[in-house]
Structures are given as C-alpha cells and as structure tokens.
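>>> Below are the sequence and a predicted model for it; my questions follow.
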Amino acid sequence: MAYAVQTEKLTKTFGDIVAVDGLDLRVDRGEIYGFLGPNGAGKTTTIRMLCGILEPTAGRGRVLGYDVVGQAEEIKKRIGYMSQKFSLYEDLTVAENVDFYASIYGLTGSLKDERAEEIYRTAGLAGRTGQLAGTLSGGQKQRLALGCALVHRPELLFLDEPTAGVDPASRRDFWGLLYELAAAGTTILVTTHYMDEAEHCNRLGFIYGGKLIAEGRPDALKAAAAAEVYKITPASVGDAYAALLRGLPGATVSILGNNVHVSGPGVDEAALARVLADAGVAYAVLERAAPNLEDLFVMFIGKEGRS
Ligand SMILES: Nc1ncnc2c1ncn2[C@@H]1O[C@H](COP(=O)(O)OP(=O)(O)OP(=O)(O)O)[C@@H](O)[C@H]1O
Ligand SMILES: [Mg+2]
C-alpha cells in the first residue's frame with residue numbers, strides 16, 4: 001500500500017458549482033503535505049471527502065488503502081481531523097472536551113486517563129482542565145484541538161488551517177508538535193495561508209478552481225518563482241499597475257499592499273525601469289523579491305490561464 005492518500009479524478013459539485021474538479025492527489029506515508037490555494041479553491045471540500053464525511057460526485061479516493069465511499073468507517077478510525085471552523089465545544093471544559101473525543105474513539109479507563117494527561121501536558125493546559133474551552137486563548141485552543149484530534153493516535157492527520165489567527169510564536173510551537181508527530185511516522189496533510197508554514201512542508205500542492213495546478217518541494221517552487229518576481233514600491237500603486245499591464249503584455253502584475261509584484265517572460269529590472277519611466281511613474285524601490293504565497297499563487301494561476 002504505497003500512498004497514504006491517493007485520488008483519481010476526485011470530483012465534487014454543489015449544483016452548478018464545481019468545488020473539486022478531477023483531482024489527482026498523492027500523499028506519501030510519513031510526509032507533511034501542504035495543501036495550498038486561495039479561498040474557495042476546494043481545499044476543505046477535498047479534505048471532507050478524504051475523511052469520509054462527504055461523498056464525491058465522481059472519481060475515486062483511497063485513504064490508508066481504504067475507499068472513501070465504501071470504507072469510510074475504517075478511515076474514520078485511523079485518521080484525525082482538525083476542521084477549519086469547528087472542533088472544540090466552547091461551553092465544555094478542557095477536560096470535558098478531551099473526554100468527549102476519547103469516548104468517540106472508545107477509549108476508557110487508565111488508557112483514557114493517560115492520553116488525557118498527555119494532551120494537557122503537550123497543550124500546556126495542566127492546571128486548566130476545568131476552564132471552559134471558549135475562554136482559552138487562540139493558541140491554547142489550537143493545541144487542545146490538535147490533542148483531541150490525536151487522542152486515538154491516528155496514522156494520518158488532516159489539519160484544515162489549524163493556525164489561522166494564531167500568533168507567530170504559538171504557530172512555531174504548534175509546528176514543533178507537528179514535526180514530532182511526523183518524525184514518529186504520522187502522515188500530515190495541512191492547509192495554510194502562511195508562507196512560513198508552507199516552507200515547513202515536505203511537499204506542496206497548489207489547488208485552484210478545484211484542480212491541482214502545481215506541485216513540488218517548497219525550495220524548488222520558490223526557486224522557480226524567485227527567478228521571476230520583482231517588487232516595486234511606487235508613489236501610486238494604481239498608476240504603476242496600469243503602466244506595467246500596458247507596457248509588459250504577457251507579464252503577471254499584482255498589487256500587494258503598497259507594492260506591485262511583477263513576474264513572467266521578458267520581465268527584468270531594465271524592462272521594468274523603462275516601462276515605468278516611459279509612463280512617468282515614480283518609484284522608490286525596484287528589486288527582486290523573495291516570493292510569498294501570493295506570488296506563487298499568482299504565478300501558477302497565470303501559467304494555468306496561459307496553458
Ligand atoms: N455545502 C456546500 N454547498 C454549496 N457550495 C459549497 C458547499 N461547500 C463548499 N461549497 C463551495 O465549493 C467551493 C470550494 O469551497 P471550499 O470550502 O472547499 O474552499 P477552500 O479552498 O477550503 O477555501 P478557504 O481557503 O476559504 O477555506 C466554494 O465555491 C464553496 O462556496
Ligand atoms: Mg477551507
């Protein structure tokens with residue numbers, strides 16, 4: 001059984017909306033796979049199908065060797081799922097939440113107590129077991145939710161934006177826990193909108209419009225983008241954007257805050273300077289930029305559009 005996750009033309013439609021569109025995904029055992037894409041790309045829908053809680057419209061998927069349609073119960077026993085929106089009961093205490101998840105997986109007696117203690121310890125919540133989950137800080141909630149998703153020692157963990165809204169230090173701690181799990185053999189599929197987190201994955205897949213449009217190791221993807229992305233800080237972002245779109249047909253131009261990012265064939269420092277000078281657009285900075293997630297999205301989406 002080679003892959004932890006393997007799909008063939010996995011598809012989900014909601015009425016006219018094609019949320020997941022013929023997705024072929026392969027995740028190796030023991031790897032941390034970053035599943036990236038803009039809002040509405042189909043990440044959550046894919047994960048819900050892989051967890052066996054949403055039936056595909058077409059195509060097939062196997063998780064840990066089990067079919068997502070016919071063997072959903074086998075899958076649910078062996079995976080952990082931290083959903084994007086809801087995973088803790090805010091009006092239950094820390095201990096009651098752990099108890100609830102433990103009972104779902106049939107843990108009882110001393111085994112249940114041991115696992116609970118372990119969760120409190122790794123989540124830094126020993127001494128807070130009587131506190132209502134709703135009153136925990138964002139970072140504490142994430143760590144408790146992770147602990148609950150792990151209570152039955154799953155082989156495969158689906159994490160849907162597990163660190164959204166959590167501060168950088170807490171995110172680092174959280175990723176420390178993920179590394180330990182991966183080192184112990186747990187396969188992890190994680191979605192994130194943070195570049196620093198994406199860089200911690202073994203492999204990244206970009207999904208857009210329900211399709212996988214790029215895949216590879218983070219350093220390889222970044223190197224491909226770094227060769228092309230330029231960052232300009234102009235006096236007027238709007239003027240620079242318009243001038244670059246007109247002056248460099250075929251380039252990918254996007255506005256990110258006070259900057260304009262440009263990439264694509266024929267784009268270099270000289271060409272950019274010439275186009276901006278011709279259009280009379282003043283700028284403070286023009287430099288090759290370290291690509292961020294938006295740059296990668298924009299670049300891959302641009303390539304998808306051209307092909
Ligand atoms: N139950 C549903 N009924 C109708 N449309 C749905 C349903 N669930 C998802 N969709 C649509 O499917 C598409 C993909 O949604 P999905 O939640 O999978 O995206 P996502 O990649 O997880 O986005 P985000 O980054 O915002 O979480 C969206 O257009 C969404 O509106
Ligand atoms: Mg989502």
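Received the coordinates, thanks. What you are looking at is a predicted structure, and each value in this text was computed from that prediction instead of being measured. Ligands and ions are numbered 1, 2, ... in the order given.
>>> okay, how far is it across stretch 196-213, tip to tip?
21 Å (Cα to Cα, to the nearest Å).
>>> Domains of the chain: list them as residue ranges, please.
The record, using automatic domain parsing to delimit domains, assigns the chain the ranges 3-216, 223-306.
>>> Distance from the chain centre to the first one, please.
The gap between the average C-alpha position of domain 3-216 and the chain average comes to 10 Å, counting by Cα atoms, centre = their mean, to the nearest Å.
>>> ditto for the shortest one
The chain centroid and the centroid of domain 223-306 are separated by 25 Å, computed with Cα atoms, centre = their mean.
>>> That domain and ligand 1, any residue contact?
No: judged by Cβ under 6 Å from any ligand atom, domain 223-306 and ligand 1 are separated, with a smallest distance of 11.4 Å. C-beta coordinates here come from the backbone N, C-alpha and C atoms, glycine included.
>>> which element is Q142 on?
helix 138-149 (DSSP states H and E).
>>> Which other helices and strands does that helix contact?
strand 79-82, helix 94-104, helix 109-122, strand 156-160, helix 168-183 (3 or more Cβ pairs under 8 Å, 6 or more residues apart in numbering; DSSP states H and E).
>>> Go through the ones you listed and find the least confident stretch.
Of all these, the minimum mean pLDDT falls on helix 168-183 (a mean of 89).
>>> can you redo the domains of the chain as JSON lines with distance to ligand 2 and mean neighbour count?
Below are the domains of the chain laid out as JSON lines (distance: least, Cβ to the ion, whole Å; neighbours: other Cβ atoms under 10 Å):
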{"stretch": "domain 3-216", "distance to ligand 2": "3", "mean neighbour count": "18"}
{"stretch": "domain 223-306", "distance to ligand 2": "15", "mean neighbour count": "17"}
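>>> which stretch in those has the least confidence?
domain 223-306 (a mean of 85).
>>> Wait, a strand at G205?
Yes: counting by DSSP: H, G, I helix; E, B strand; the rest coil, G205 falls inside a strand.
>>> how close does the residue nearest the centre of the chain get to ligand 1?
In the chain, the centroid-proximal residue (Cα atoms, centre = their mean) is T191; its distance is 1.7 Å. Using Cβ to the nearest ligand atom, to the nearest Å, one obtains 7 Å as the distance from T191 to ligand 1.
>>> Local confidence estimate at S307?
S307 is given a pLDDT of 58.
>>> Next up, the contacts around the nearest residue to A58 once chain neighbours are set aside.
Leaving aside its sequence neighbours, A58 sits nearest to T11 (Cβ to Cβ, 6 or more residues apart in numbering; 4.1 Å). T11 sits next to V18, V20, D21, G22, L23, P56, T57, A58, G59, G210 when contact means Cβ atoms under 8 Å, 6 or more residues apart in numbering.
>>> Identify the residue spatially nearest to the fifth one, adjacent ones excluded.
Closest residue in space to L23, ignoring its immediate chain neighbours: L10 at 4.4 Å, by Cβ to Cβ, 6+ apart.
>>> so what strands line up beside the helix or strand that the one you found is a member of?
Per DSSP H and E: L10 is located in strand 3-14. Sheet pairing for strand 3-14, assigned by DSSP bridges, gives strand 17-23 (antiparallel), strand 26-28 (antiparallel), strand 58-63 (antiparallel).
>>> I'd like those strands laid out as CSV, including distance to D99.
Formatted as CSV, the strands paired with strand 3-14 follow (distance: least, Cβ to Cβ, whole Å):
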stretch, distance to D99
strand 17-23, 34
strand 26-28, 31
strand 58-63, 27
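>>> which stretch among those strands comes nearest T122?
strand 26-28 (24.3 Å; Cβ to Cβ).
>>> Indicate which one of the strands paired with strand 3-14 is closest to G247.
strand 17-23 (34.5 Å).
>>> Could you see whether ligand 1 lies near the closest one?
Yes: for strand 17-23, a contact with ligand 1 is found by Cβ under 6 Å from any ligand atom, at I17, A19.
>>> Pretty sure G165 sits against K141.
No: using Cβ atoms under 8 Å, G165 is not in contact with K141; the gap is 9.7 Å.
>>> sorry, back to before: what angle do strand 156-160 and the strand holding L10 make with each other?
40 degrees (axes from the mean of the first three to the mean of the last three Cα atoms, to 10 degrees).
>>> export strand 3-14 as CSV, just CAs?
C-alpha atoms of strand 3-14 as CSV (Å, rounded to 0.1, in the frame of the first residue of the first chain):
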residue,chain,number,x,y,z
TYR,A,3,0.3,6.0,-0.6
ALA,A,4,-1.4,7.5,2.5
VAL,A,5,-3.8,9.4,0.2
GLN,A,6,-4.4,8.6,-3.5
THR,A,7,-7.3,10.1,-5.5
GLU,A,8,-8.3,9.6,-9.1
LYS,A,9,-10.3,12.3,-10.8
LEU,A,10,-11.9,13.1,-7.5
THR,A,11,-14.8,15.5,-8.1
LYS,A,12,-17.5,17.3,-6.0
THR,A,13,-20.2,19.5,-7.4
PHE,A,14,-22.8,21.5,-5.5
